[in-house]
Structure formats: structure tokens, C-alpha cells
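> Sequence first, then the predicted structure:
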Amino acid sequence: MTAIPETTPAVPVAAEHDAARTRRRAERRRRLRRDRALLIMTVPAVLLLVVFNYVPMFGAATAFQNYSIYAGFMHSPWVGLETFRQLFADPLFWGALENTVVLSLVQLVLFFPVPIALAVLLNSIMSGKVRTIVQSVVYLPHFFSWVLAVTIFQEMLGGAGALNTALRQHGLATWNIMTDPGTFKYLITSQVVWKEAGWGIIVFLAALAAIDQNLYEAAAADGAGRWRRMWHITLPGIRGVVVLMLVLRLGNVLTVGFEQMLIQRGAVGRDAAEVLDTYAYYYGVVNANFSLGAAASLFKGVFSLIVILAANKIAHLAGEDGLYRR
Amino acid sequence: MTASALTATSRRRAARPNWEEPPTPAGQAGKATVLLVVVAVVIVPLYMVVLTSLSTQGAVNRAGGMVLVPHGLTVEAYRQIFTNQLVMHSLLVSLGITVVGTVISMVVTVLCAYGLSRQNSYAHRPILMILVVTMFFSGGLIPTFLVVSALGGYDNYWSLILPGAVSVFNILVMRAFFAGTAQELIDAASIDGASDWRTLRSVVLPTSRAVVAVISLFYAVGYWNTFFNALLYLPDNQKWPLQMVIYTYTLQGNSMPGTGVTNTGQYYGHQQVAALAIQMAVVTLTLIPILVIYPFVQRHFTKGVLLGAVKG
């Protein structure tokens, strides 16, 4: 790639090297000048992320301090792993961790398949009009806040809600689902299904639409019925997307709707509704034990990262793309 | 999943191909039932919320709570909330946060997405890295709270906007969309002497209306639904957005100042309207903007959700 003419072999290698470096630098300067406007455009976003994401990331070091709001980050004493010892000695932390994992697994089993099933069902509907109407309706709750969704659940299923009013009027026993700790995990899951299952079908619908229609015709010609076609064509056709969504979901195994839990923690009680995020919130912000809250968050972050990397690895071993192509 | 997934959606088979067996009546009935139930589970509660907010005291008493069958209708609940200082102020706060926040988020997102959309532009890889890292690591709730507070965000409206103003996912979606804008158009613009700013404004944005609409809706809904940041940073109920008002006075059942709504669900005052109707009127108020904008943006959803997943 050297542009130095062959007729001047006397030029020392070092000088040639320097010349190449100068050219590279000039080239880089030229690109910098050309793309200056593009770089300036990215500044606001990068700045916001640095202030509100990267600075707090380093601020997570408060987990290794005995943080005091008066001393601040710079002057609070470092205590090493003392905060984590305190965290792991707290039975409430283990309760919160258990609730988090249980809720997450229940959702994995009861929520995750719903959008896939709905998408397959919707995909089998011939009438475009019916499809459009159903899609418009089921996407809608995704845009409601958790406050709104929980309010609607309370008015429908709560002690004074529509269901219990109807039961009472017919002389039947009432059941305040909203405050029953025993069935809380199913209540939470049904709320997630109500709010997000519809939105979840978008990705699967697109994957279904990408399946080559000729495969179906060929299978039918070979005598495969509609169930065999679903088993051998439809489901393998969307497997990659399903695995991708599963890996992403597993990465969030310790994230169960923070606002959703926070809102309902009062009604159903701490024993059933405390999860890692609400634990961090109540210890960190409400009780002002910032270091303990930060330690709980840090534990969660590190654990989640390990899980998502492991899940991705397993996906790769199973021959799928996972988060990224190998 | 490739880009062909997007185009395939639009050219679906219109009629049943002749190799497919005719549908069985039982199968058809089963599908219809499932879809009807699914649609009803979403629609009926919303219908009951709106109807209850429009019902008279008598109708609410008769139903024993939420109204399913209309009996007397009245707009008295809305008259009450529109003269309620707390509700009206929270409505203004919510609208203000939504408008200002969406504008800020969109400006930042569009600029950054375009800045990173050119192949081989200077330093686009490291900048992309800076963005993507934040999707997988976060400092967590407490450090973020401490940083925002240290910057004076406590008891300040900007704490509802700036900490979450950038969604990296949305930037990636939009960047993928911009990168798909015909490179010839951009080249033609630069040959004509257009600067990058001019190209963005006059060439790229006009061809990207759909994705701009969808991403704006995503941001706007996020701001409209702001709840936790308000709980965290705004101690004073004079600054609360609507979601906080619903949380405090409908969900937790505290009595709302300035209305006859008490925590036992009773009413008083000269206007006969159920406490529940007033609460449902506030709930309806938060539903309206979503229901109004939704139909216009809805058909573009797939683009907004999938492009990011496709090109990551």
C-alpha cells in the first residue's frame, strides 16, 4: 500500500514508516473534518448517558462504603465487603431474592408461551380485518401505566370490585384477589399477561410472516395435516426468535415489574411482594441506608449479567444465534 | 429475522390456497371464542371504567360499584374534577412533562441516530459502544437517585425528564431506519452542497415520518405514564403528575382534597355523584390522550419494534 516510488530505494525503512503514519494521520484528520457535524450530533445523547448512566455506574461503588449523605461519595468511609456481609445476613434480603426468582419463574412458565400461542392463532386467521382489529385491541394495554393497569385490576377483582360485587349479589363467597398473598404470584402474572402479552406478539407475527409459504404447500402435498405442518414448519420457523426472546427474558430473571410490585406491596404485604428492586428502594431511599440499597442493586446487576451470558452461551451451543451471531 | 420479514407482512396470502384443507366448524368456533375472550378481557374493563365515570350516584349504588349496564348518565364527575385544583394542576404537569420531554428526547434521539447512521464515519464504533453498554449495565436505583439529587433534581420537574430522556433502544431503531434511507439520496444531497444538518432536515427526516411518529409515541407514552420518578423526586403533591394522583387517591384510597371523595368511598356535598365516578373520571382522563393518538400511529408499530431487533 506504500506510495513511495520504487525508484527511490535509498529511503530508509523508518522514514517510509513515518510517511505512512503521517498519511494515516492526515486521512484521519480529513475524516474527522468531514464528519465533524455527525460527531456533534451525538454529543447530547452521549452527555446525557454519561451523566445519568455512567456516573451512577461508578456511584455503585457506594456499596463498598458506609455512605452518608452528609459526607457524600468523596468523604464517606470505605468498608470493603462489610455492606455485603450485612446484606447476606439479612433474612429479608433472602426473602426478597426468593420472591424475585419464584415470580420470575412463574412468569416464564405462564407468560412466555402466551404471545407465541396468540401469534400462531392470529396468523392462522384468514380475514385481514379480524386480524387488524384484534391486534389493535391487544396492543393497547401496553401503553397504560402500571398505576392504571393495577387500578383497573382492583376495580375488577378487588374487594369492592365488579367480580366480588357480583358474587355478593348472588350470595356467593367473596374473594379479594388483590390482597391474597397466597395467590399473589398468579395475580402478578395475570396482570403481566393482560398488559404485555398482546404487545409481545408483534415480534412473533413478523417471524411467522417470514416463513416461506411454499414449505406449507409442499408439506400438504406430502400429506401433512395442519397440526403436523404447525409442528414441523411453523414452530421450527420461529425457533430463532423464540430463543432470542428467551435469552433476553432470562437476562431479566431478577427484574420483575418494579412499579407493579411497588404499587401493590402495601395491599398484599411485604412477605409476598418484596422483590430485589423494592428491597433496594425501601432500604436505600425510604430508610436512607444507601449503601445497603446499592449493594442489593449491584448484586442484582452482576447476577443478571452472568445469567444472560450463560443463557447466550447455551443458545450458541444449541446452534442458535442468541443475542448476536457468533 | 431479516428485513424481508417486514415486507412479507404486507403481501400475505389473501385467500385460502387450494392445497389447504377447508376449516372445520369446531376449529373455527374455537378460534372465534378465544379471540372474542381475548378482546373482551381488554375492552370490557375499559368500558366499565368509562361508563362508571359517566354514571349517576343512583346507577353506581344500584350496580354496587362498577357499572356494566348504563342506568343514569351524568357528566357531574367531570365537572367536579375540572374544578378540582389538584387534578387540574396534575393534568397540566403531565401535559407539560409529556410535551417538553418528548421534544427533548426526539431532538436528542434523531440527532444521535443520524450522527451514527453513516457507514464508516469517524469514531462511530466507540460511540455506539458507549450507547450499547448502558443497555446491559446500570448503576442501579440508589446511585442514580444520589446523582440526580446531587444535581438538584430533587423537588424539581427536570428529574422526571432528563434521567430517562435517552432510550438507546429507540436510537438504534431510528439509526437502522436512517441507514436504510437510500444512500443515493444522501449522496445527491451532499453533491448539491448540502451540509449534514441540511441533509438530515430536508432528505432524511421527510422520508422517515413513520418511524419518527412511532418513536415519538413511545417517548410520549413513557412521559405520560411517569410514576416512579415522581414518587422518588417530588415530595410535594402540588407538583404531582396525574399518575401520582391516581395512585394516591384511587388506588390507595386516600381522600382527595377538594372533592367529596373520602377514603371510605362515601360522598358528601351538594352534588350527588359517587366517589367512584370521580375516581374513574380521573382514570379516564389519563386514558383519553392514549386513545386519541393511538389509531394514527398504530399501523407503524411493527417498524418501530422490529427494525432495532433486525439490525441491532
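Ah, there it is. Everything numeric in this text was worked out from a predicted model, so none of it was measured.
> Identify the single longest helix in the chain, thanks.
Because you didn't say which chain, this covers chain A. The residue-count maximum for a helix in chain A (DSSP state H) belongs to helix A:290-317.
> oops, chain B please
Assigned via DSSP H, chain B shows its longest helix as helix B:85-115.
> in that helix, what counts as buried?
Neighbour counts over helix B:85-115 (16 or more other Cβ atoms under 10 Å in any protein chain shown) mark B:86-87, B:89-91, B:93-94, B:97-98, B:101-102, B:104-106, B:108-115 as buried. C-betas here are computed from N, CA, C, even on glycine.
> give me the subset of these touching chain A.
Intersecting the buried residues of helix B:85-115 with the surroundings of chain A, defined as Cβ under 8 Å from any Cβ of the partner chain, gives B:108-109, B:111-112, B:114-115.
> where does the stretch 1-150 of chain B have low pLDDT?
Within the stretch 1-150 of chain B, the stretches falling below the threshold (pLDDT under 70) are B:1-15.
> how about the helices in it?
B:4-10, B:25-53, B:57-63, B:76-82, B:85-115, B:124-136, B:141-150 (DSSP state H, counting those that start in this stretch).
> Pick the most deeply packed of those helices.
Using mean count of other Cβ atoms under 10 Å in any protein chain shown, the stretch among the helices of the stretch 1-150 of chain B with the greatest mean number of neighbours is helix B:141-150 (a mean of 23).
> Any chance of the backbone angles for A:Gln65?
According to degrees, to the nearest 10, the main-chain angles of A:Gln65 amount to phi -120, psi 170.
> Measure how buried the closest residue in space to it that isn't next to it in sequence is and give me the count.
Using Cβ to Cβ, 6 or more residues apart in numbering or on different chains and skipping residues adjacent in sequence, the residue nearest A:Gln65 is A:Ser76, 4.4 Å away. Burial of A:Ser76, expressed as a neighbour count using other Cβ atoms under 10 Å in any protein chain shown, amounts to 19.
> List the contacts of the residue nearest to B:Asp196 when sequence neighbours are not counted.
Using Cβ to Cβ, 6+ apart and skipping residues adjacent in sequence, the residue nearest B:Asp196 is A:Ala37, 3.9 Å away. Residues in contact with A:Ala37 (Cβ atoms under 8 Å, 6 or more residues apart in numbering or on different chains) are B:195-197.
> In contact with residue 162, which residues?
Answering for chain A, as no chain was given. Counting by Cβ under 8 Å, 6+ apart, A:Ala162 has contacts A:155-156, B:48, B:65-66, B:68.
> Chain B, not that one
Here B:Leu162 is in contact with A:48, A:52, B:104, B:153 (Cβ under 8 Å, 6+ apart).
> Repeat that for A:Thr278.
Contact analysis of A:Thr278 by Cβ under 8 Å, 6+ apart lists A:96, A:258, A:261-262, A:265.
> Would you map the helices across the stretch 201-312 of chain B?
Assigned by DSSP H, counting those that start in this stretch, the stretch 201-312 of chain B shows helices spanning B:209-224, B:228-233, B:242-246, B:275-297, B:301-311.
> Which parts of stretch A:214-222 count as buried, going by neighbours?
When burial is assessed from 16+ other Cβ under 10 Å, stretch A:214-222 yields the following buried residues: A:216, A:219-220.
> Strands - which of those residues land there?
Taking DSSP state E as the definition of strands, those contribute nothing to them.
> Below-threshold pLDDT in chain A: ranges please.
Counting by pLDDT under 70, chain A shows low-confidence ranges at A:1-12, A:322-326.
> Which strand or helix spans A:Ala207?
In this structure, A:Ala207 is located in helix A:184-209 according to DSSP states H and E.
> quick revisit: what's the closest of the ones next to chain A among the buried residues of helix B:85-115 to A:Leu103?
Distances from A:Leu103 to those, taken as Cβ to Cβ, are shortest for B:Thr109 (32.5 Å).
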